[in-house]
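Can you look at this prediction? I've put the sequence above it.
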Amino acid sequence: MRHLLSTTELRRETATALLDTAEALKQALLGRQVRKLPTLRGRTVVTLFYESSTRTRASFEIAGKWMSADVVNLTAGSSSVAKGESLRDTALTLAAMGADCVVIRHPAAGAAHRLASWVPTHVINAGDGAHQHPTQALLDAATLRERLGTLNGRTVTIVGDVLHSRVARSNIELLITLGARIHLVAPPTLLPWGVQNWGGDPDGTQDQAQNRAERSWPVTVSHDLDAALPGSDAVMVLRVQAERMHGGFFPSVREYSISYGLTEARLRLLPAHAVVLHPGPMLRGMEIAHSVADSPRAVIADQVRNGVHVRMAVLYHLLASQEEQA
Amino acid sequence: MSEGIIRRRTRLLLRGVRPYGAGDPVDLLICDGVIAELGVGLEATGAEVFEGGGLVVLPGLVDLHTHLREPGREDAETIATGSAAAALGGYTAVFAMPNTDPVADTAVVVEHVYRRGAEVGLVAVHPVGAVTAGLRGERLAELGAMASSAAAVRVFSDDGVCVHDPLLMRRALEYTRGLGGVIAQHAEDPRLTAGAQAHEGEIAARLGLAGWPAAAEEAIVARDCLLARDAAATLHVCHVSTAGTVELLRWAKERKIRVSAEVTPHHLLLTDERLVGYDPVNKVNPPLRTVADTMALRAALAEGIVDCVATDHAPHAAEDKDCEWSAARAGMLGLQTALSVVIATMVRPGLLDWRGVARVMSERPARIGGARSQGRPIAVGQPATLVLVDPDATWTVCGAALASLASNTPYEGMELPGRVVATVLRGEITTEDGKVQW
């Protein structure tokens, strides 16, 4: 694996290997006082963030540091980007300084793909516009695997603003690859064009089908959360971004919350084993009730915890295992 | 309209060429820029001889939609380099869009472009005038002054932006009727395309690119056809890109509404499947659409519902393309690849013969743009404004080798059929074997 740009091109065995490595790293660090592995000593990881972020940037930094990499954090506001430097020039500069891996978050879909075409360093996509956020999907998959045992045949319901969500896109692709059924619940205004055709390859003719589970189900779509919950093994609640609230996608915050918010009453509709995920940051009282976010069914802290191990695994697979092969 | 300066050569014999690619080869004697004789075994006395070897000869190509970038972005293209690209592509006339800096919205600017084009002398450069002052869509530019200037502007367009205010569009159509002109509309409802980056469909949805719905084009085309009907005015629809627009044009033409339309070579050949990978060389407005759209556009061009091919040749500096998708400018080079793409998409599949090519790439665009000495029949007494094509040759596109200053071609590395061997403007060879005869 040279880059991690999206979950679309992740084969099932690669994704499983990443999750297994994350699990192994987690066990290795469990209960340790000194959480430091020497694996990436002497390697330089640069996080390049063109959007504000707390958890993802910090998570990558911690992941790098726990593996002894030198981690340099750059944000657009406090760098030459603010002076009008192009993404390409910034990338070439970082590569020239000897960065081994660039972790990029950018508001433009495809920014990580472009970066990978310009520089010889490894590139990890930490979120590109509404396109993808592959490590988020991997940490969600790790959490689901932990809680549900397997993803094969499990139904994951994703509720909220799928249209603008890179979290949703990454998860749909990855979870289908891992054998899950995906059900989307959202108002029609917040669904991507043709999303009902995603996934599912009954003929098994496409190359991708061979990377995926033996059977893959097409994405299903509905607009009734109450009806979807009893058949769900997990619910992933998406954040509704502030700028969407006034974009005419739905009449009012109140109406959205009533129709699509995960309330305590709705929580009771879930089967006993089902879990609640949220990629954060949460808007309590909007898409998720305060009590639901803090309930034992919510695995939000697990997601964050697994995020560090998953990112360690990705860095390991990109930077270390390749060295061993050489 | 005059065609620029007459140059030194006075007698030229094209030996063994096939007008419209039909019949046995004939000789064509050109005197003082006019076809003087047409027949077999013509005397070459005093004439320079060009051995045709059975090449196809067509009337010189006419492009209704070119961006020459001068004045303002001479780093991307100039009138000289754009004229060279045009001539190498088989063109003898181009219509230069007004979205320059300053905007071609006054007699002064259009006359400058016109005169500079005549100085270069490789193709007739017809400036297109802006419909609204500064392309701002607020009030009409001085259309009459541009029409009566030395540039004799007949085509008006705010290309790049849509004249979306329905009242302003109505007035523009009515007013140009009095000038014998045509409004060339860039049909794009701005509210439906706010932030749009790609054709609204499955590919853009997966790539997380905001969609440009087909309805944004079709709604404006439908509205403008109705406005043209009521104003008894002439409308031209730029770069038709959707199958739905084709149906609207059919409806309008059946009702004798005076509407014409163009399609770009890239909308005949390329689809949104090229967006995977996010290379902005594929970013264009209107966006690359689906296979079904390209097929509908090919059929419409063959049938005449879409009148002509126009390149929308849009050079952009490297820094405006070698960046992330959303930051990139929309547009691609087209002049030197247009004929080959038409051969690949229309001639080879049997949708058009060479007469058809002459119709959609020369005769119809010349008529729509009011260029009276272009797109003429290949006959005695007619201007010798011609292109000689080797239909069997193939060539591989290399952006850096094209005559444009910019190199943003989506066909890089592609092998395309058909090669322009020579272009003749009023009896003068402007390009021969891929070289410009300055």
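Yes, it's here. Residues are numbered from 1 along each chain as shown, chains lettered A, B, ... in the order given.

For residue A:170, give its distance to residue A:12.
Look at residue A:170 and residue A:12: by Cβ to Cβ, to the nearest Å, they are 15 Å apart. C-beta here means a position set from N, CA and C on the backbone, and glycine is covered the same way.

higher neighbour count, these two?
Neighbour count, other Cβ atoms under 10 Å in any protein chain shown: between residue A:170 and residue A:12, residue A:170 has more, with 27 against 16.

correct me, but the more buried one touches residue A:6?
Yes - counting by Cβ atoms under 8 Å, residue A:6 is a contact partner of residue A:170 at 6.9 Å.

And what about residue B:357, helix, strand or coil?
Here residue B:357 is recorded as helix under DSSP: H, G, I helix; E, B strand; the rest coil.

no wait, residue B:373
Applying three-state DSSP: residue B:373 is coil.

burial of it, as a residue count?
Neighbour tally, residue B:373, other Cβ under 10 Å: 18.

Please name the nearest non-neighbouring residue to it.
Using Cβ to Cβ, 6 or more residues apart in numbering or on different chains and skipping residues adjacent in sequence, the residue nearest residue B:373 is residue B:383, 5.0 Å away.

right, and the one you found touches residue B:34 too?
Yes - between residue B:383 and residue B:34 there is a contact under Cβ under 8 Å: 6.2 Å.

which of the two has more neighbours?
Using other Cβ under 10 Å as the criterion, residue B:383 and residue B:34 rank with residue B:383 on top: 23 against 15.

List the contacts of the more buried one.
Contact analysis of residue B:383 by Cβ atoms under 8 Å, 6 or more residues apart in numbering or on different chains lists B:3, B:33-35, B:373-374, B:376, B:426.

if we go to 6 Å?
B:373, B:376, B:426 (Cβ atoms under 6 Å, 6 or more residues apart in numbering or on different chains).

Mind pulling up the pLDDT for it?
The model reports residue B:383 with a pLDDT of 98.

Residue A:200 too?
So, for residue A:200, pLDDT stands at 59.

ditto for residue B:1
Per-residue confidence at residue B:1 stands at 41 (pLDDT).

average model confidence for stretch B:79-92?
On average, stretch B:79-92 scores 98.

same question, stretch B:408-416
Averaged across stretch B:408-416, the pLDDT comes to 98.

Find residues that contact each of residue A:170 and residue A:6.
Shared contacts of residue A:170 and residue A:6, defined by Cβ under 6 Å, 6+ apart, comprise A:132, A:134.

list the buried ones in the longest helix seen in chain B?
Identified as the longest helix of chain B according to DSSP state H is helix B:214-231. Neighbour counts over helix B:214-231 (16 or more other Cβ atoms under 10 Å in any protein chain shown) mark B:214, B:216-225, B:227-229, B:231 as buried.

what do you get for stretch B:384-402?
Result for stretch B:384-402 [16+ other Cβ under 10 Å]: buried residues B:384-391, B:395, B:397, B:399, B:402.

can you check stretch A:112-121 too?
Buried, per 16+ other Cβ under 10 Å, within stretch A:112-121: A:112-116, A:118-119, A:121.

Close to chain B as well: tell me which of these qualify.
Filtering the buried residues of stretch A:112-121 for proximity to chain B (criterion: Cβ under 6 Å from any Cβ of the partner chain) leaves A:113-114.

and the buried residues of stretch A:112-121 as a markdown table, adding secondary structure, pLDDT and distance to residue A:30?
Shown next, in a markdown table, are the buried residues of stretch A:112-121 (DSSP: H, G, I helix; E, B strand; the rest coil; pLDDT from 0 to 100; distance: Cβ to Cβ, whole Å):
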| residue | secondary structure | pLDDT | distance to residue A:30 |
| --- | --- | --- | --- |
| A:112 | helix | 98 | 32 |
| A:113 | helix | 97 | 36 |
| A:114 | helix | 97 | 39 |
| A:115 | helix | 97 | 35 |
| A:116 | helix | 97 | 34 |
| A:118 | helix | 96 | 40 |
| A:119 | coil | 95 | 36 |
| A:121 | coil | 97 | 32 |
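
can you tell me which residues contact residue A:143?
Applying Cβ under 6 Å, 6+ apart, we find residue A:143 in contact with A:299, A:302-303, A:306.

Restricted to strands, list those residues.
Among the contacts of residue A:143, no member is found in strands (DSSP state E).

With neighbour count and pLDDT as new columns, can these be given to me in JSON lines?
Putting the contacts of residue A:143 into JSON lines (neighbours: other Cβ atoms under 10 Å in any protein chain shown; pLDDT from 0 to 100) gives the following:
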{"residue": "A:299", "neighbour count": "20", "pLDDT": "98"}
{"residue": "A:302", "neighbour count": "17", "pLDDT": "97"}
{"residue": "A:303", "neighbour count": "23", "pLDDT": "98"}
{"residue": "A:306", "neighbour count": "26", "pLDDT": "98"}
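
Which ones among these lie within helices?
When the contacts of residue A:143 are checked against helices (DSSP H), the matches are A:302-303, A:306.

and the residue nearest to residue B:50 when sequence neighbours are not counted, what is it in contact with?
The shortest distance from residue B:50 to any non-neighbouring residue, by Cβ to Cβ, 6+ apart, is to residue B:14 (5.1 Å). Residue B:14 is in contact with B:28, B:50, B:52, counting by Cβ under 6 Å, 6+ apart.

quick one: which of those is most hemmed in?
Top of the contacts of residue B:14 by neighbour count (other Cβ under 10 Å): residue B:28, with 27 neighbours.

That residue belongs to a helix?
No - looking at residue B:28 with three-state DSSP, it is strand, so not inside a helix.

Now it. Nearest residue, chain neighbours left out?
Closest to residue B:28 by Cβ to Cβ, 6+ apart is residue B:14, at 4.2 Å.

Quick check: pLDDT value at the one you found.
pLDDT for residue B:14: 97.

and if you look at residue B:62?
If you check residue B:62, the pLDDT there is 98.

Give me the contacts around the helix or strand where it lies.
Secondary structure from DSSP states H and E places residue B:62 in strand B:61-66. Strand B:61-66 has contacts (Cβ under 6 Å, 6+ apart) with B:90-91, B:93-96, B:262, B:310-313, B:361-362, B:365-366, B:369, B:374-375, B:387.

now swap in stretch B:409-423 and tell me
Residues contacting stretch B:409-423 (Cβ under 6 Å, 6+ apart): B:55, B:87, B:90, B:281-282, B:332-333, B:337, B:339-340, B:343-344, B:387-391, B:393-397, B:399, B:429-432.

Quick check: residue B:382 touching residue B:38?
No - at 9.6 Å, residue B:382 does not count as touching residue B:38 under the criterion of Cβ atoms under 6 Å.
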